[in-house]
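1. pasting a predicted model and its sequence here:
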Amino acid sequence: ADANQVRKVKEIIMMDENRRYIIPSAPGKRNEDDIKITDLLYAVKKQAIEGDTTDEIFRQIRQRFIEMRDELGARLKIETYLDVVEQDVLSGASFDYTASRGEFLNALLIADYLGYDFVDAAEVIFFDKNGDLDLEKTKSVMRGRLKHTEKAVIPGFYGSTPDGEIKTFSRGGSDITGSIVARSVMANVYENWTDVSGFMMADPRIVDNPKTIKSITYRELRELSYMGASVLHEDAVFPVSEVRIPINIKNTNKPNDSGTLILSKVLEDDHKVVTGIAGKRNFTVIAIEKNKMNAEVGFGRKVLEALEKNNVS
């Protein structure tokens, strides 16, 4: 969110030389009344489309990055990159391009501050013509690119399409980028640093002082994420789970807390009857009961067709 948090990140990275690849998100809120950079970028694109003036929002975006650069004592001429982003947005750049520039600019700044290589995610993360992640191509290109790169910063949240356009994941997609990088280089562990000390057994906004989950399986995590637990993007599990790379959820502000370890199989001494509780509003479960259903070939297909025809995912 600010220069002080970036300094904390540097301290964490320097504590372990095995922390080689860093995937930053865009700067978030500095306080409750602040606005995330990504939200400012969405707003500036909306105003540009509607023909309204964008000067004030761009001024806020510029100020955030320039202040961070100056407070960190970094040498990056970030004004040059900010000029390009502003010109691109005003010239009709897509929503995805605009939204991704928070991660792009932040990664440039952090790479300069750390003295690491900057690797643009658009050059190593690829989507197919349908807008789906092309994981095989991504793994191959990224592995080759990072093979001779000892330390690198790669912006989260976006990649590129076959025609070279910027394509973003859904919000929170930097988690997915981190998982993809970990999978591509076959990392020992994927550390996801956030502002909480792991997954709680229940929503702390509803339940007072819930316990932290010490370890959880990929499957349990995905279930909790899908049902509303928002610590980690639900799609961040897929790239690492198939090769059993552990995920460790850690707290940037409390780096000594153990956090939550996500594994293919839960540790025996951490086994509990209830892993965690989560819920989601406006969510429907459909139960179907029919006599001799198993004797009717194609019944399941007919049910799914009914959902498809009514645009139910």
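-> Cool, the structure landed.
2. okay, now T194: neighbour count?
-> 16 (other CB atoms under 10 Å). For every residue, glycine as well, the C-beta is placed using N, CA and C.
3. pretty sure it contacts H233?
-> No. Using CB atoms under 8 Å as the test, T194 is too far from H233 to be in contact (11.0 Å).
4. stretch 191-205: end-to-end distance?
-> In stretch 191-205, first residue to last residue: 25 Å (CA to CA, to the nearest Å).
5. how far does that stretch sit from the chain's center?
-> Distance, stretch centre to chain centre, for stretch 191-205: 15 Å (CA atoms, centre = their mean, to the nearest Å).
6. mean confidence for it?
-> The pLDDT scores in stretch 191-205 average 88.
7. which residues touch that stretch?
-> 9, 12, 19, 175, 178, 207, 210-214, 216, 221, 224, 228-229, 231-232, 236, 247-254, 257-260, 274-278 (CB atoms under 8 Å, 6 or more residues apart in numbering).
8. tell me the buried residues in it?
-> For stretch 191-205, a neighbour-count test (16 or more other CB atoms under 10 Å) marks 191-194, 196-202 as buried.
9. for the protein, give me the ranges with low pLDDT.
-> 267-271 (pLDDT under 70).
10. what's around the closest residue to K290 other than its chain neighbours, how many residues?
-> Leaving aside its chain neighbours, K290 sits nearest to F299 (7.3 Å; criterion: CB to CB, 6 or more residues apart in numbering). For F299, the count of nearby residues is 14 (other CB under 10 Å).
11. wait, F299 touches E289, no?
-> No. Contact between F299 and E289 fails when scored by CB under 8 Å: they sit 12.0 Å apart.
12. so how far is G298 from the nearest residue to D257 once chain neighbours are set aside?
-> Among residues not flanking D257 along the chain, S197 sits closest, at 4.0 Å (CB to CB, 6+ apart). Going from S197 to G298 by CB to CB, to the nearest Å gives 50 Å.
13. and V240, by the same measure?
-> Using CB to CB, which is the criterion applied here, V240 is 36 Å from G298.
14. what about those two, which has more around it?
-> V240 (24 against 8).
15. what sits against the more buried one?
-> 179, 182-183, 190, 218, 246-247.
16. which among the residues you listed gets closest to N4?
-> Of all the contacts of V240, N4 sits closest to Y190, with 25.1 Å by CB to CB.
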